[in-house]
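Participant: Below: sequence and its predicted model.
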Amino acid sequence: MSGGAESVVGDAGRDRAGDAADGRAVGPGGGGAADVVRRLGGRLAFGGDYNPEQWDESVWKEDDLLMRWAHVNLATVGVFSWALLEPEEGAYDFGWLDAHLERLHANGVAVDLATPTASPPPWFTLAHPDAMPVTAEGVRLSHGSRDTYCLAAPAYRQACVRIASALAERYGEHPAVAMWHVHNEYATVCHCDHAAAAFRVWLRARHGTLDALNDAWGTAFWSQRYGSWEQVLPPRATQWHRNPGLALDYRRFWSDLALGAYREQRDAIRARTTADRPVTTNLMLPGYQVLDLWAFGREVDVVGIDHYPAEPGPGAAADIAFGADRARSFGGGKPWLLVEQGANTVYTADRTLPKEPGDILRHTLAHIARGSEGAMFFQWRQSRAGAEIWHSAMVPHAGPDSRVFREVTDTGAALTRLAEVAGSVVRARAAVLHDADCWWALDGQGLPAASLDYPAALRRAHRALWDAGITADFAHPADPGLDRYQLLIAPALFLLSDAAARALRAYVHAGGTLLVQHFAGVVDERHHARLGGYPAEPLRRALGVRVEEYRPLPAGATLPLSDGSTASEWSELLRLASPAEAVTTYAEGPLTGHPALTRCPHGAGTAWYAATRLDDTAYAALLARLLTDSAVHPEVPLPPGVEAIRRHSPTDPTLSWLFLLNHTPTPTTAPTPGHDLLTTRDIPPAGLTLPPGGAAVLRQRA
Ligand code: GLA
């Protein structure tokens, strides 16, 4: 590889999500998760990150014993091992890794072999200080942690390909290796001169000419006109609001750069190994959005995610559903893999909480119910030293004689009884629209209100469906296959392309039910305001509304609506166009009598528009009505906090598996029969009672 900005950008971004949106293409790496399951003898994956280099031989012997005991069949090895694998530039030491791979293989544990590129060794930093990332404030970071690299630095990219190639050369055909794990959580963003040069290459490819760039970014405002490409910089610290077009393009560029870096390692591995060992990277869900995950979903052979809940109790279950439904959707509905969860970790804002008894199994099942082909943890054994000494593990500091290890073992045993669900798929009838461009654009500065929060709006919509017992997908707004859903919810659809506006209108016209929430379709892909009234045409026609003016409400203020409910955060002055009707109106304030919630029959479908943030009760009631209207029903009607999620056999239409998960402290009866794989009991037609925290996985025949 040559050393310039062109080489690090490569063909990155050649098929961004907005351009090729359906996210359902099958990656070129063969059977994906099915290949992993096959290499595990047909069983679901169970295991975790394994870092034997932190321990000595006596511990390795115990690991062998305990892994067998816990039914571990897959270990992620080498994620942070670069300094040991390549102690000096170009000098490799694979002997220790050979020995661990042999040992694991002999013990019946397959390996998810990682490339160690998320943590370059100190020798690399000192030899290539220009490959260390620079913050927006201009601070160049030093080694001493992890994730400290610049994806645009040619020396770093070359070193990554070298170590990935050397690993693939050596272990490409190793019988222990079941899959490849490139890098770890692509997340570091840099603002250095290498990044600036690569950004310019990317911008030339996207915009063509400098005039087009100036036009796209609206540089006539605030005297920002660029007279040469060299004048363009990353969004570094500046005096006042950044140019939103520049800020948004930088997010797109960085995601494309990361995807290019991933492809480069993936292709180096594929060139040296057989195709039935899938290659992936672990994406960070649910809250982190440095990457366009639709684009990554198309490039990985199996979607892999890391998930750590941010609250205990049923909130953790809703959070798992949010992450898992996204993982499945980014992979086009195919089975995926939970690559990391915490054995005993719930990260809240100020504390790391332990999980409650039973959570390890139930959280694991919650991921599997939504399409994961197993469950992996970070990490196998809790570290004795180092930065993550307090992060929980399958074998805690207390050792195997502990609640956590007993629950891990029970969970591993339970998974051995679930092998038959491997390869089955979840079929959702409702979806929440999700677009990285919207997320990034609403992350910008100078917006009319601080309450415009993309992830919060996305979660609220998903949570309301979850509370109603509905398993939802996520879908890209320009997906040409939206008609596979009966109901679409569009929260915070701030940025909308012409193609997406057309796709949504066509969806409604063909019979779909669509809810669009406030401040939608107000800018295009260049972050230019839509003129003549929001939202973008032709979606506006389907909704039968024309928004003239927005009026954000003060933080904490509420506004009564005509049906007795309240609104908050936002209001809009809109005009109705026939046949749209106002369902509720504002009951106070300058917009009294104006529509707050509207409904419009369009073609064979119906489009709803919420011009404000409805209170929780009104939002739930609205979704209940939309679910009824669009004939989307829960698998089994159960109280909030008790999940019923179905995985279908891909080959036998009469066969499915119903996962029943009681995340509440109250026993619940699920009136449905089947054969419970967890207890191996037949459940009669009257159903079964799930104790507090209880779970069942019922094989059912239609
Ligand atoms: C991430 C990383 C792991 C570990 C965990 C726990 O998911 O991939 O290496 O650091 O977080 O913090």
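Facilitator: Received the coordinates, thanks.

Participant: these two touch, right, R427 and S649?
Facilitator: No: assessed by CB atoms under 8 Å, R427 is found out of contact with S649, at 11.2 Å. No exception for glycine: its C-beta is placed from N, CA and C like everyone else's.

Participant: got any ranges where this structure has weak pLDDT?
Facilitator: Along the chain, segments meeting pLDDT under 70 span 1-3, 11-30, 275.

Participant: residues in it within reach of the ligand, list them.
Facilitator: 184-185, 306, 340, 378, 388, 391 (CB under 6 Å from any ligand atom).

Participant: Pick out the residue of the stretch 401-550 of the chain closest to the ligand.
Facilitator: V404 (15.5 Å; CB to the nearest ligand atom).

Participant: Would you mark the buried spots in the helix or strand where that residue lies?
Facilitator: Secondary structure from DSSP states H and E places V404 in helix 403-416. Buried positions in helix 403-416, judged by neighbour count with 16 or more other CB atoms under 10 Å: 404-405, 407-409, 411-412, 414-415.

Participant: ok, now stretch 167-181?
Facilitator: In stretch 167-181, counting by 16+ other CB under 10 Å, buried: 167-172, 174, 176-181.

Participant: what about the closest residue to G556 other than its chain neighbours, neighbour count?
Facilitator: With CB to CB, 6 or more residues apart in numbering as the criterion, G556 has its nearest non-adjacent residue at 7.8 Å, and that residue is S568. S568: 17 surrounding residues under other CB atoms under 10 Å.

Participant: try V134
Facilitator: With other CB under 10 Å as criterion, V134 counts 21.

Participant: Likewise for A510?
Facilitator: Count around A510 with other CB under 10 Å applied: 12.

Participant: what does P448 give?
Facilitator: Residues near P448, counting by other CB under 10 Å: 12.

Participant: That one reaches P552, doesn't it?
Facilitator: Yes: taking CB under 8 Å as the definition, P448 is a contact partner of P552 at 5.3 Å.

Participant: hang on, the earlier thing: buried subset of the residues of the chain next to the ligand, written for ChimeraX?
Facilitator: In ChimeraX, a selection of the buried entries from the residues of the chain next to the ligand looks like this (16+ other CB under 10 Å):
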select :184,185,306,340,378,391
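
Participant: For the one residue in the chain that gets nearest to the ligand, grab phi and psi.
Facilitator: For the chain, the residue closest to the ligand is D306, as judged by CB to the nearest ligand atom, at 3.9 Å. Backbone geometry at D306, expressed as degrees, to the nearest 10, gives phi -110, psi 140.

Participant: That one pairs with what?
Facilitator: M284, E340 (DSSP bridges).

Participant: ok, now which ones touch it?
Facilitator: With contact set as CB atoms under 8 Å, 6 or more residues apart in numbering, D306 has these partners: 185, 282-285, 339-341, 378.

Participant: separation between it and A164?
Facilitator: Separation of D306 from A164 (CB to CB, to the nearest Å): 20 Å.

Participant: And the helices in the stretch 351-500 of the chain?
Facilitator: Along the stretch 351-500 of the chain, the segments classed as helices by DSSP state H, counting those that start in this stretch run 359-369, 403-416, 436-442, 454-467, 498-509.

Participant: And for R541, the neighbour number?
Facilitator: 18.

Participant: wait, it sits on R505?
Facilitator: Yes: shown here, R541 and R505 form a contact pair, counting by CB under 8 Å, at 6.5 Å.

Participant: so what's G399 closest to, chain neighbours aside?
Facilitator: Counting by CB to CB, 6+ apart, the residue nearest G399 is F405, at 7.4 Å.

Participant: was I right about that neighbour contacting H397?
Facilitator: No: contact criterion CB under 8 Å: F405 and H397 do not qualify, at 11.0 Å.

Participant: any shared contact partners between R541 and R505?
Facilitator: Common neighbours of R541 and R505 (CB under 8 Å, 6+ apart) are H602.

Participant: So R252 versus G544, what's the distance?
Facilitator: From R252 to G544 the distance is 33 Å (CB to CB).

Participant: nope, P684 is what I meant
Facilitator: 51 Å.

Participant: how does the protein divide into domains?
Facilitator: Listed by automatic domain parsing, the domain ranges of the chain are 430-629, 642-701.

Participant: Okay, and the beta partners of the residue nearest to G556?
Facilitator: T558, R613.

Participant: for the stretch 201-350 of the chain, what spans make up the strands?
Facilitator: 279-280, 282-284, 304-307, 336-341, 346-347 (DSSP state E, counting those that start in this stretch).

Participant: residues making contact with the fourth one?
Facilitator: This means strand 336-341. By CB under 8 Å, 6+ apart, strand 336-341 touches 33, 36, 45, 48-49, 76, 112, 181, 280, 282, 302-308, 324, 327-328, 330, 363-364, 367-368, 371-378.

Participant: any idea how far whichever strand or helix holds R540 is from the chain center?
Facilitator: Secondary structure from DSSP H and E places R540 in helix 539-543. Centroid separation between helix 539-543 and its chain, computed with CA atoms, centre = their mean, to the nearest Å, is 30 Å.

Participant: Give the other helices and strands that it contacts.
Facilitator: helix 498-509, strand 513-517, strand 595-602, strand 605-610 (3 or more CB pairs under 8 Å, 6 or more residues apart in numbering; DSSP states H and E).

Participant: can you give me phi and psi for the residue most central in space within the chain?
Facilitator: What sits nearest the mean C-alpha location of the chain, by CA atoms, centre = their mean, is L285, with 4.3 Å. For L285, the backbone dihedrals (degrees, to the nearest 10) come out as phi -130, psi 160.

Participant: Tell me where the stretch 1-150 of the chain has helices.
Facilitator: Counting by DSSP H, counting those that start in this stretch, the helices of the stretch 1-150 of the chain are 5-9, 33-39, 57-69, 82-85, 95-106, 122-127.

Participant: Using JSON lines, lay out those together with mean neighbour count.
Facilitator: Below are the helices of the stretch 1-150 of the chain laid out as JSON lines (neighbours: other CB atoms under 10 Å):
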{"stretch": "helix 5-9", "mean neighbour count": "20"}
{"stretch": "helix 33-39", "mean neighbour count": "22"}
{"stretch": "helix 57-69", "mean neighbour count": "15"}
{"stretch": "helix 82-85", "mean neighbour count": "18"}
{"stretch": "helix 95-106", "mean neighbour count": "16"}
{"stretch": "helix 122-127", "mean neighbour count": "15"}
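
Participant: Need the ones you listed in TSV (columns: distance to A475).
Facilitator: TSV is the format used below for the helices of the stretch 1-150 of the chain (distance: least, CB to CB, whole Å):
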stretch	distance to A475
helix 5-9	29
helix 33-39	21
helix 57-69	39
helix 82-85	38
helix 95-106	39
helix 122-127	41
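
Participant: Out of these, which gets nearest to A500?
Facilitator: helix 5-9 (26.0 Å; CB to CB).

Participant: what helices or strands is that closest one leaning on?
Facilitator: Short answer (3+ CB pairs under 8 Å, 6+ apart): helix 5-9 packs on helix 154-171, helix 193-207, helix 244-270.
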